[in-house]
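Student: All I have is the shape, not the residue letters:
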């Protein structure tokens, strides 16, 4: 069995045994009903007492064949409003970048916690989309309004 | 021990200036009460090496057996080994204190000689009668004093804890006792054992599978499954652990026998939930 498959099975066991409160993560089902361990759907709750608190935000996590040597790709839905999310939904985060801080020992739990942290603490130095970045830097009122609206859309969001 | 080993007998070092009229019997007295350092150090080093070899063989034996051998007699021999190391180190440490006492008193006497009146036959006589005896006594007293200071400061205990073989044996004993317990941290920064919730992780951080052939990076002490870390190092130079800035080469990897022993003791004792989980899981 390949290292990628072994690792993903262990990640699955680890997540089922223990994961942070309010999060969910599971591999998608293929057409024949079996699990595709290389693509996961996950939900990331906004942290309490932040603009993001109300929502649970959906991400798709895609693991490459070279995982864990290379990092997974993590995407919000296209058009997601956040300064460090590309229009396609791809998240710009150093621990998800092989050239930057990705390391094979980083677990799924650490990734989703890192994304939760990024929601409330955008990095102004790596803009990934125009609208959210501009509003975050120059127009906090609009920014906060947009974030709250988005949070309402993702209340009780689930994939089922 | 290497740094304290010396080829010259430390009694040679006792030579006082010729103008100090010590009777020759004070040297005899000293040589009787003081250990011969060179012999002692060589002996201690040789014994430590032998013990280290024995302990290494024991670990290999345990690791190569399919079943876990009866641990009780092994634990007893480990206790004897630690006691032996303790006594060996103790005598070497005491010898060191004797030497320091001799140096200290010698310097004190030399300093005195310059300030005191010149000798004449009378003062020489009184010196022979009093000072020469006092010279030996002063050394003895100085030694007793430093011994007392030492026992209050527990400096020997901390010296002992940093001695490789002694620490190694206590680590093995602790692992046999409870394979999941983290080891007491002797050199805070050096210790790279991954600990989660007060337990040592038996899982390779790359595959998340339990170790089969754990190897440790000498650069950062992080432990990995040999097969997976080798693969990682084919395309990377960085340590796979997040936040670790060490650069590793394959030549930096050494077998981590203590981790292998942990896994062995843990699995064979039947505390394995993983098999059961595999049936229920996924």
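Tutor: Looks like it came in fine. Computed from a predicted structure; not experimentally measured.

Student: CA only for contacts and neighbour counts going forward, please
Tutor: Fine.

Student: quick one: is whichever strand or helix holds residue A:114 near chain B?
Tutor: Using DSSP states H and E, residue A:114 maps to helix A:108-120. No. Helix A:108-120 is not in contact with chain B by C-alpha under 8 Å from any C-alpha of the partner chain; minimum separation 10.2 Å.

Student: Quick check: buried residues in that helix?
Tutor: Along helix A:108-120, these residues count as buried under the neighbour rule (16 or more other C-alpha atoms under 10 Å in any protein chain shown): A:108-109, A:111-112, A:115-116, A:118-120.

Student: for the record, mean pLDDT for it?
Tutor: In this model, helix A:108-120 has an average pLDDT of 96.

Student: before we move on, the earlier item: wait, which of the buried residues of helix A:108-120 is closest to residue B:135?
Tutor: For the buried residues of helix A:108-120, the minimum distance to residue B:135 (C-alpha to C-alpha) is 71.2 Å, reached by residue A:109.

Student: biggest helix in chain B, by residue count?
Tutor: As assigned by DSSP state H, the longest helix anywhere in chain B is helix B:71-115.

Student: So which elements touch it?
Tutor: Counting contacts by 3 or more C-alpha pairs under 8 Å, 6 or more residues apart in numbering or on different chains; DSSP states H and E, helix B:71-115 is packed against helix B:37-64, helix B:132-153, helix B:155-161, helix B:164-177.

Student: tell me the most buried of these?
Tutor: Mean neighbour count (mean count of other C-alpha atoms under 10 Å in any protein chain shown) peaks for helix B:164-177 among those, with a mean of 18.

Student: Identify the residues contacting that one?
Tutor: B:48, B:51-52, B:55, B:71, B:75, B:78, B:81-82, B:85-86, B:160-161, B:181, B:183, B:258, B:261-262, B:265 (C-alpha atoms under 8 Å, 6 or more residues apart in numbering or on different chains).

Student: circling back: export the helices and strands packed on helix B:71-115 as a markdown table, with columns for mean pLDDT.
Tutor: Formatted as a markdown table, the helices and strands packed on helix B:71-115 follow (pLDDT from 0 to 100):
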| stretch | mean pLDDT |
| --- | --- |
| helix B:37-64 | 83 |
| helix B:132-153 | 80 |
| helix B:155-161 | 79 |
| helix B:164-177 | 86 |
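
Student: Just put those helices in JSON lines and tack on distance to residue A:37.
Tutor: Shown next, in JSON lines, are the helices and strands packed on helix B:71-115 (distance: least, C-alpha to C-alpha, whole Å):
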{"stretch": "helix B:37-64", "distance to residue A:37": "35"}
{"stretch": "helix B:132-153", "distance to residue A:37": "59"}
{"stretch": "helix B:155-161", "distance to residue A:37": "48"}
{"stretch": "helix B:164-177", "distance to residue A:37": "36"}
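
Student: Out of the ones you listed, flag the one nearest residue A:82.
Tutor: Using C-alpha to C-alpha, the helices and strands packed on helix B:71-115 put helix B:164-177 closest to residue A:82, at 48.9 Å.

Student: ok and the closest one relative to helix B:71-115, angle-wise?
Tutor: 150 degrees (axes from the mean of the first three to the mean of the last three C-alpha atoms, to 10 degrees).

Student: now the angle between helix B:37-64 and helix B:164-177, please.
Tutor: Calculated by the same axes, to 10 degrees, helix B:164-177 forms an angle of 30 degrees with helix B:37-64.

Student: From residue B:265, how far out is residue B:67?
Tutor: Distance of residue B:67 to residue B:265, given as C-alpha to C-alpha, to the nearest Å: 10 Å.

Student: whoops, residue B:179 was the one
Tutor: 6 Å.

Student: same question, residue A:108
Tutor: Residue A:108 is 29 Å from residue B:265, by C-alpha to C-alpha.

Student: Next: residue B:43.
Tutor: Going from residue B:43 to residue B:265 by C-alpha to C-alpha gives 34 Å.

Student: In chain B, where is pLDDT below threshold?
Tutor: Along chain B, the parts satisfying pLDDT under 70 run over B:1-38, B:110-133, B:185-197, B:270-282.

Student: and the longest strand anywhere in chain A, anywhere near chain B?
Tutor: Longest strand in chain A by number of residues (criterion: DSSP state E): strand A:35-45. No. Using C-alpha under 8 Å from any C-alpha, strand A:35-45 never reaches chain B; the gap is at least 8.8 Å.

Student: Tell me the strands beside that strand, with direction?
Tutor: If you go by DSSP bridges, strand A:35-45 pairs up with strand A:24-29 (antiparallel), strand A:56-62 (antiparallel).
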